[in-house]
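S.K.: I'll drop the sequence and a predicted model, then ask my questions.
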Amino acid sequence: MKVTVNSITGFEDAFVSMYISKRSWTPEIDKEIREVCENVLDSRGHIKTWTCDKSKLEQFNKWLDMLLKMGKRHITVLRYIDISIMTENIHRGAQDDIDSHAKRFDNRIIRSSTRLAEYSDNEMSDYYKDKIIPTDEALKALGIETPDIIKRNGEKYIKTVNGYIKEDFINSKDVKRGLYMLSIPSNFISKITLCEWGHVFKERNEDGGANPEVKEWAETVMKQITNMHNQITRGYVLTIEN
C-alpha cells in the first residue's frame, strides 16, 4: 500500500472565517490573509520554506495556531481546510471499512470499481501476499488440474478468476465480480475536511480495533499531514470535538 497526502488547502478562507465570526473582518484583513498565504504556501499547501518572507510565515503560523485553538470546539472553521489523499493498492476489505465513513468525506471517495475494472488470477494487495493462498493457486501448487468447463444441472459453467461462471453470463461484469475476493487491491482518491478527519482518525488509528492495514493507512495520512504543517499533530486531531 502507498498513501500520499496530495494537498492541504483552504487556509485562506479558514483564516477569514475567524474574523467573520468575531465581526472584525475588513477588506484589508481579507487582502492581507490572501497575500500572506500566497507568499507562504505553494499550490499543494506546502510551506515554501526557502523562498517565503519570514515575517509572513510568522503571521501565517499565528493564524494557524488561532484557527486550531478555535477549531477544537467551534469545528465549522476546520471544515474550510481540505485534505486530498491518494491511496494505492489497499485491499478491498479495508477499502470497504474506509467507505463506511463516506459521509465524513462528503462522499468524495472514488475507488477502483469491481464492475468496470478487471482483476486477474490471484491478484491481491501487498497486505495479503504470503498470508493467504487462493484455492486455485493452492491446487496448482499441488499439481491438481481443474477443468475449464464443468456441468451442473444440465448447465455449462466456464472457468474464470476464482471459480466458474454460467456460460450465459461469462461476459457479464456484474456476475464476474461475484467471484472477486476482499484481498484484491484497490486504489482510491479522497478528500476530507480537517474537522471530519478528526472523527475518522479517532475511529481508525492504531489504538483502536480497526483492520491492521486501515490503521496503517490512518497513521500514514496523519504523519504526512503533520509533516506538512507541524501544528496539526496527532494529539491535536484527537482533541477535535467531532
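M.R.: Here it is on my side, so go on.
S.K.: got the phi and psi for Asn89?
M.R.: phi 60, psi 40 (degrees, to the nearest 10).
S.K.: can you list the residues that contact stretch 150-166?
M.R.: 119-121, 134-136, 146-149, 167, 170, 172, 175-176, 179-181 (C-beta atoms under 8 Å, 6 or more residues apart in numbering). C-beta coordinates here come from the backbone N, C-alpha and C atoms, glycine included.
S.K.: whichever of those residues end up buried, select them in PyMOL.
M.R.: Applying 16 or more other C-beta atoms under 10 Å to the contacts of stretch 150-166, the buried members can be selected in PyMOL as follows:
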select buried, resi 119+134+176+180+181
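S.K.: helices along the chain, start to end?
M.R.: 11-21, 27-40, 54-71, 92-99, 135-141, 173-176, 194-204, 212-228, 234-237 (DSSP state H).
S.K.: and the helix or strand of the chain with the lowest mean pLDDT, how far out from the chain middle?
M.R.: When each helix and strand of the chain is scored by mean pLDDT, DSSP states H and E, helix 135-141 comes last, with a mean of 89. Centroid separation for helix 135-141 versus its chain: 33 Å, with C-alpha atoms, centre = their mean, to the nearest Å.
S.K.: ok, now stretch 71-87?
M.R.: Counting by C-alpha atoms, centre = their mean, stretch 71-87 comes out at 14 Å from the chain centroid.
S.K.: so for that stretch, first residue to last residue, what's the gap.
M.R.: Start-to-end span of stretch 71-87 (C-alpha to C-alpha, to the nearest Å) is 27 Å.
S.K.: same deal with stretch 77-88?
M.R.: 30 Å.
S.K.: and it, what's its mean pLDDT?
M.R.: Averaging pLDDT along stretch 77-88 yields 98.
S.K.: can you count the residues close to Ile98?
M.R.: 25 (other C-beta atoms under 10 Å).
S.K.: doesn't Arg92 make contact with it?
M.R.: No. At 10.7 Å, Ile98 does not count as touching Arg92 under the criterion of C-beta atoms under 8 Å.
S.K.: identify the contacts common to these two.
M.R.: Contacts common to Ile98 and Arg92, judged by C-beta under 8 Å, 6+ apart, are absent.
S.K.: returning to what we had before: okay, the helices of the chain in CSV with distance to Leu78 next?
M.R.: Formatted as CSV, those follow (distance: least, C-beta to C-beta, whole Å):
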stretch, distance to Leu78
helix 11-21, 7
helix 27-40, 16
helix 54-71, 4
helix 92-99, 20
helix 135-141, 47
helix 173-176, 40
helix 194-204, 4
helix 212-228, 12
helix 234-237, 10
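S.K.: what's the closest of those helices to Met86?
M.R.: Across the helices of the chain, Met86 has its closest neighbour in helix 212-228 (10.4 Å, C-beta to C-beta).
S.K.: what angle do helix 92-99 and that closest one make with each other?
M.R.: Counting by axes from the mean of the first three to the mean of the last three C-alpha atoms, to 10 degrees, helix 212-228 lies at 60 degrees to helix 92-99.
S.K.: how far does helix 212-228 sit from the chain's center?
M.R.: 10 Å.
S.K.: buried ones in that helix?
M.R.: 213-222, 224-226, 228.
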